[in-house]
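Q: Just the structure for this:
(2 chains)
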There are 2 protein chains.
Amino acid sequence: MGTTAAVVGAGVVGAAIAGRLAEDGATVTLLDPHPRAGASWVAGGMLAPVTEAWPGEEALLALGTSSLRRWPAFAAALADAGHDPGLRTDGTLVVAVDSADRAELANLADYLATLDRKVEWLTGRELRLREPSLGAAVRAGLSVPGDLAVDNRRLLDALLAVAVARGVELVADRAVAVRPGLVELADGDQVRADVVVVAAGAWSGALHPLLRDVIRPVKGEILRLRARAGSLPPPGRTVRGLVEGRHVYLVPRDGDGLVVGATQYEAGFEPGPRVGGVRDLLADAERLVPGLADYVLVEAAAGFRPGSPDNLPVVRWLEPGVLAATGHGRNGILLLPGTVAEVAELIGACL
Amino acid sequence: MGTTAAVVGAGVVGAAIAGRLAEDGATVTLLDPHPRAGASWVAGGMLAPVTEAWPGEEALLALGTSSLRRWPAFAAALADAGHDPGLRTDGTLVVAVDSADRAELANLADYLATLDRKVEWLTGRELRLREPSLGAAVRAGLSVPGDLAVDNRRLLDALLAVAVARGVELVADRAVAVRPGLVELADGDQVRADVVVVAAGAWSGALHPLLRDVIRPVKGEILRLRARAGSLPPPGRTVRGLVEGRHVYLVPRDGDGLVVGATQYEAGFEPGPRVGGVRDLLADAERLVPGLADYVLVEAAAGFRPGSPDNLPVVRWLEPGVLAATGHGRNGILLLPGTVAEVAELIGACL
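A: Down below sits the predicted model:
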């Protein structure tokens, strides 16, 4: 290829694209003032197109399902390179607490049936036989064996390591604008490149006029817990719950870790986790799994999902030489392999 | 004095004693593997002998009252040295939520009356006139103008800075045992000194046979919050609350900070904050001050108070040349000036 590329944003999307372009022979600069701090780092790592499905978002379900199919090979390639991202294939349970939650879950099951997605309805007792950690408050649930999870932090580390091993130069500069052939930096410098990729997540809106009113931050809180030696063990698979109308998910990690997420609201780039968000996540997670009470609270963090008007990612040429790969909302990790393939195709067709 | 001293533990007690001994002419080594990580760092910083008073603990109340009297001069001396520890003299409110809490508060008021400690009984409405941040759940309270607070982290920084400025050598080694003339270190080395002071807080019990079954860790969780630009402001003075039988306190800090503490239970040196403890602190603090919901949760931490059998500190010679200054329980910051004076007297009488 013999070309040069500048990728703005070293989250999973930017890091994977940078690595892929370097593999194809490009000289790649990957720009991020704070790697391991954005939505990819804060995320939960669910690969859950079915349990995230929502009437009216059939295009997103199709995109997610297609990307999920790529995930096992995508993870295996990283593992082969010596950087196992910790893909978990134990499936997902979606559970409900009160009768309104149960009714909403039944709606989801009906909706999935119309799409020919097979899910299994389980009583509270059946759920506790599979997941003894679930408490008495859990009344009913669905088993969705195809929805997976990955350790998002191990994934980001893996993608950055692979990119750097392929010669990508990771630079801690902050981009303020992009245009054909050029990235402008906050310090007044410029990076010149044949191809510029905007993969700056929620911050993408400020970089190019065509993204300005398209990409917005959608704030969310998330917690990281760890079981103690004497604690009841965490669930063995992802548990999503509806607790009095609020959504909560619990994603197990190797080493007795558990990620609990996530709130979702619009508050611009308001920094730090809100007390009210953390309070709800703790209370709702304990409602599903009472044994969490004596777990260690390792971290409470807030992140900014890159929201788009239709909840679909923006992966397209903005103008010649400037490609967007952003707007993945709450599905950035899931949609990663599909996005990388799409970007490779878009760039391959033009160079 | 011309003597040498080794102080084990660089919390507020150890740092202040080290600084005081250096001021008196001693050559002082201050040993701590993790300065700014123990109970002094995690603490809330209340100087509250009256609102902490408890029937049967009259000796502790007397000790606390006596030490509190020393606090203004103690803080002023640090401020004069260029290290203002942030003493707050706005007083304390103690408030109650349900009728059982109110009854317990009335008991405290009656008890304090028998000791001739004057406190003022306030209705919920009177409380909200003084502290508009208090929510409708607050039904009654006491005003205790004499109970103060200090920024414990600024205090520890100040004491360490003053000690180092006086020539104290701060060494990040871990002590494993003390005996006359000697501190044994984890790496097999030894520190020789004419006077050895054990000020290692909850870890003191492992250092000397006479402390072994005397000092135990008493675990507690504590939170640090910060108001946002658009938030309702935090209370202007310390608010202690009884919420359905649980104790919670809110101590304001400069810069819109607020410390929320503290749980108290026996769990050995179990590391990290428990989910259940954090959940209770958040819920109870919000019950008192509903506006906290949109504050940032900056930190959730756990610490270990050095508990003693009678809740009184252990400040005495263990054997010739080995002095204990530990066992301050939940009152280490309050009792600091008194302890420093006592230690100076004990050492001065012998050297």
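
Q: CA only for contacts and neighbour counts going forward, please
A: Noted.

Q: now the helices for the stretch 151-300 of chain A?
A: Secondary structure of the stretch 151-300 of chain A, counting by DSSP state H, counting those that start in this stretch: helices at A:152-165, A:275-288.

Q: Point out the one among these that comes closest to chain B.
A: helix A:275-288 (4.3 Å; C-alpha to the nearest C-alpha).

Q: Against which helices or strands is the closest one packed?
A: On a contact count with 3 or more C-alpha pairs under 8 Å, 6 or more residues apart in numbering or on different chains; DSSP states H and E, helix A:275-288 meets strand A:216-226, strand A:238-243, strand A:246-253, strand A:257-261, helix B:275-288.

Q: Next, the angle helix B:275-288 makes with the first one.
A: So the one you mean is strand A:216-226. Comparing the axes of strand A:216-226 and helix B:275-288 via axes from the mean of the first three to the mean of the last three C-alpha atoms, to 10 degrees yields an angle of 130 degrees.

Q: which ones are touching the closest residue to chain B within the stretch 101-250 of chain A?
A: Using C-alpha to the nearest C-alpha, the single residue of the stretch 101-250 of chain A nearest to chain B is residue A:225, 8.0 Å away. Counting by C-alpha atoms under 8 Å, 6 or more residues apart in numbering or on different chains, residue A:225 makes contact with A:257-260, A:295-299, B:275.

Q: Beta-bridge partners for residue A:216, please?
A: Beta-bridge pairing of residue A:216, defined through DSSP bridges, involves residue A:307.

Q: give the contact list for it.
A: A:202-203, A:205, A:268, A:306-308.

Q: Now that we have those, which of them are buried?
A: A:202-203, A:205, A:306-308 (16 or more other C-alpha atoms under 10 Å in any protein chain shown).

Q: now for the residues you listed, which pair is the farthest apart?
A: A:203 and A:308 (12.1 Å; C-alpha to C-alpha).

Q: Now list whatever residues contact both of those two.
A: The contact lists of residue A:203 and residue A:308 share A:215-216, where a contact means C-alpha under 8 Å, 6+ apart.

Q: can you redo the helices and strands packed on helix A:275-288 as a markdown table with mean pLDDT?
A: Listed next are the helices and strands packed on helix A:275-288 as a markdown table, based on pLDDT from 0 to 100:
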| stretch | mean pLDDT |
| --- | --- |
| strand A:216-226 | 98 |
| strand A:238-243 | 95 |
| strand A:246-253 | 96 |
| strand A:257-261 | 97 |
| helix B:275-288 | 97 |
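
Q: Can you say which of these is nearest to residue A:81?
A: strand A:246-253 (21.3 Å).

Q: Least confident secondary structure element in chain A?
A: The helix or strand of chain A with the lowest confidence, counting by mean pLDDT, DSSP states H and E, is helix A:99-114 at a mean of 91.

Q: Redo the helices of the stretch 151-300 of chain A as CSV? Include mean neighbour count and distance to residue A:46.
A: Formatted as CSV, the helices of the stretch 151-300 of chain A follow (neighbours: other C-alpha atoms under 10 Å in any protein chain shown; distance: least, C-alpha to C-alpha, whole Å):
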stretch, mean neighbour count, distance to residue A:46
helix A:152-165, 22, 9
helix A:275-288, 23, 16
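
Q: Let me have the ones you listed in JSON lines, adding distance to residue A:244 as columns.
A: Formatted as JSON lines, the helices of the stretch 151-300 of chain A follow (distance: least, C-alpha to C-alpha, whole Å):
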{"stretch": "helix A:152-165", "distance to residue A:244": "28"}
{"stretch": "helix A:275-288", "distance to residue A:244": "9"}
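
Q: about what we covered before: so in terms of bridging, what pairs with the residue of the stretch 101-250 of chain A closest to chain B?
A: On the basis of DSSP bridges, residue A:225 is bridged to residue A:258, residue A:297.

Q: and it, how far is that from residue B:156?
A: As judged by C-alpha to C-alpha, to the nearest Å, residue A:225 and residue B:156 stand 30 Å apart.

Q: Get me the contact residues on the stretch 101-250 of chain A for chain B.
A: residue A:225 (C-alpha under 8 Å from any C-alpha of the partner chain).

Q: so who does the closest residue to residue A:40 other than its chain neighbours touch?
A: Excluding its sequence neighbours, the residue lying closest to residue A:40 (C-alpha to C-alpha, 6 or more residues apart in numbering or on different chains) is residue A:11, at 5.4 Å. Neighbour list for residue A:11: A:35-36, A:38-41, A:156, A:199-201 [criterion: C-alpha under 8 Å, 6+ apart].

Q: one more time with 7 Å
A: Applying C-alpha atoms under 7 Å, 6 or more residues apart in numbering or on different chains, we find residue A:11 in contact with A:35, A:38, A:40, A:156.

Q: Just flag the most distant two among the contacts of residue A:216.
A: Pairwise over the contacts of residue A:216, using C-alpha to C-alpha, the maximum falls at A:268 and A:308, 13.7 Å.

Q: which helices and strands sit right next to the helix ranked longest in chain A?
A: In chain A, with assignment by DSSP state H, the single longest helix is helix A:58-80. Judged by 3 or more C-alpha pairs under 7 Å, 6 or more residues apart in numbering or on different chains; DSSP states H and E, helix A:58-80 is in contact with helix A:336-348.

Q: could I have the helix it packs on exported to CSV, CA atoms only?
A: Extracted in CSV, the C-alpha atoms of helix A:336-348 (Å, rounded to 0.1, in the frame of the first residue of the first chain):
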residue,chain,number,x,y,z
LEU,A,336,-15.8,-3.7,16.3
PRO,A,337,-15.0,-6.6,14.0
GLY,A,338,-17.6,-5.5,11.5
THR,A,339,-16.4,-1.9,11.6
VAL,A,340,-12.8,-2.9,11.0
ALA,A,341,-13.9,-5.0,8.0
GLU,A,342,-16.0,-2.2,6.7
VAL,A,343,-13.2,0.4,7.1
ALA,A,344,-10.7,-1.9,5.4
GLU,A,345,-13.1,-2.3,2.5
LEU,A,346,-13.8,1.4,2.2
ILE,A,347,-10.1,2.3,2.3
GLY,A,348,-9.1,-0.6,0.0
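
Q: now it, how far from the chain's geometric center?
A: Taking C-alpha atoms, centre = their mean, to the nearest Å, the mean C-alpha location of helix A:336-348 is offset from the chain mean by 17 Å.

Q: the helices in the stretch 1-150 of chain A, which residues?
A: Counting by DSSP H, counting those that start in this stretch, the helices of the stretch 1-150 of chain A are A:12-23, A:39-42, A:58-80, A:99-114, A:124-130.

Q: in the shortest one, what's buried?
A: What that stands for is helix A:39-42. So for helix A:39-42, counting by 16+ other C-alpha under 10 Å, buried means A:39-42.

Q: Likewise for the third one?
A: If you call a residue buried by 16+ other C-alpha under 10 Å, then helix A:58-80 has these buried ones: A:60-61, A:63-68, A:70-71, A:74-76, A:78.

Q: tell me the average confidence for it?
A: What helix A:58-80 shows for mean pLDDT is 95.

Q: now do the last one
A: When pLDDT is averaged over helix A:124-130, the result is 96.

Q: now swap in the second one and tell me
A: Taken as a whole, helix A:39-42 has a mean pLDDT of 97.

Q: I would like the residues contacting that helix, please.
A: Under C-alpha under 7 Å, 6+ apart, the answer for helix A:39-42 is A:11-12, A:152-153, A:301-305.

Q: again with the fourth one
A: Residues from elsewhere that reach helix A:99-114 (C-alpha under 7 Å, 6+ apart): A:96, A:119, A:140, A:242-245.
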